[in-house]
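Undergrad: here you go, sequence then predicted model.
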Amino acid sequence: MNIVILSRNPSLYSTQSLVNAARIRNHYVRVIDHMQCDLVIEKGKPQVYYHNQKIVNVDAIIPRIGTTATSYGVAVLRQFASQGVFSTLDAEPLLMARDKLSCLQILAGHGILVPKTIFCSNLFTLPFMLEEMEGYPVIIKLVSGTQGMGVIMAENKVNAESIIEAFHTTKEKIIIQKFISEAKGADFRAFVVDGEIVGAMKRQAKSGDFRSNLHRGGVAEWVQLTAEEQKTAIDSVKILGLKVAGVDMLRTHQGAAVLEVNASPGLEGIEGATQVDIAGKIIQFVERNKR
């Protein structure tokens, strides 16, 4: 097959892992920076150019689209879709998953447990909304944040109001979430490919931090998910219409609560923790759909 990986950095672990997995299986694979693609939109003749050359005869694309390139990345995904090219990630599911607020709304609306979350549009109602959280600390998150950046714990009401006011001055959209103390600084990521969990890991925050992200110093290890956690992860991915995704969950007194669904999850942490060839699973998924 002729496979194109959309990635801004060919040297990243995830990109290289996918390249190697494809070549081992005798596929021709190229890495293309989606931000350098030019799109020609015309009835019956949608075209994608890269460095002034038309991209043709592509069997499948594997998008690795970061948060800073979502808008243009979505346009490129739609262009390939209009050509009938199979993709492991579609435009609308990416948009739903990438917006933390929308993602939580959709999941909760379909019966998935999520941490109690508040979206407050103005400072006048903020004190009343904070009363809804029923205690402190609370977690304040940028809607557009990633890898643990833009996530702050507020220990009390005064602290929370100050942080939120600061974000409002910069016109940033934020959400407020209940702090899940019983999670003890750990979350669980289930990696789902084509409706099946192909790997799972526990991420533990470093001492003195509550963020378990590996980019923030958290450590990862293989974990066996409960039947409930497996169902929650698979259902969440299905609801959002994703084909390949990482589902981050917390163990709460009420059960498995979904924190976030990552539409373009990294491979380094999950492959290292599980010793599973996740990239190979993704290539096999592409092969099944091409056939």
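TA: Done, it's in.
Undergrad: ranges for the helices of this structure?
TA: Per DSSP state H, the chain carries helices over the ranges 13-24, 70-82, 91-98, 100-109, 126-131, 157-169, 227-240, 268-274, 278-290.
Undergrad: could the ones you listed be laid out in a markdown table, adding distance to Pro137 and mean neighbour count?
TA: For the C-beta atoms, the positions are set from N, CA and C on the backbone; glycine is no exception. Output for those, formatted as a markdown table (distance: least, C-beta to C-beta, whole Å; neighbours: other C-beta atoms under 10 Å):
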| stretch | distance to Pro137 | mean neighbour count |
| --- | --- | --- |
| helix 13-24 | 33 | 19 |
| helix 70-82 | 30 | 19 |
| helix 91-98 | 26 | 20 |
| helix 100-109 | 19 | 18 |
| helix 126-131 | 12 | 14 |
| helix 157-169 | 8 | 15 |
| helix 227-240 | 25 | 19 |
| helix 268-274 | 26 | 19 |
| helix 278-290 | 34 | 19 |
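Undergrad: now render those as CSV, adding mean pLDDT.
TA: Formatted as CSV, the helices of the chain follow (pLDDT from 0 to 100):
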stretch, mean pLDDT
helix 13-24, 97
helix 70-82, 96
helix 91-98, 95
helix 100-109, 94
helix 126-131, 83
helix 157-169, 85
helix 227-240, 97
helix 268-274, 93
helix 278-290, 95
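Undergrad: want to throw those into a markdown table with distance to Leu39?
TA: Converted to a markdown table, the helices of the chain look like this (distance: least, C-beta to C-beta, whole Å):
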| stretch | distance to Leu39 |
| --- | --- |
| helix 13-24 | 22 |
| helix 70-82 | 5 |
| helix 91-98 | 13 |
| helix 100-109 | 25 |
| helix 126-131 | 42 |
| helix 157-169 | 34 |
| helix 227-240 | 25 |
| helix 268-274 | 31 |
| helix 278-290 | 23 |
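Undergrad: can you spell out the domain ranges of this structure, please?
TA: With domains defined by automatic domain parsing, the chain comprises 2-88, 96-113+182-277+285-290, 117-179.
Undergrad: give me the most central residue, the protein.
TA: In the chain, the residue lying closest to the centroid (C-alpha atoms, centre = their mean) is Asn262, at 1.3 Å.
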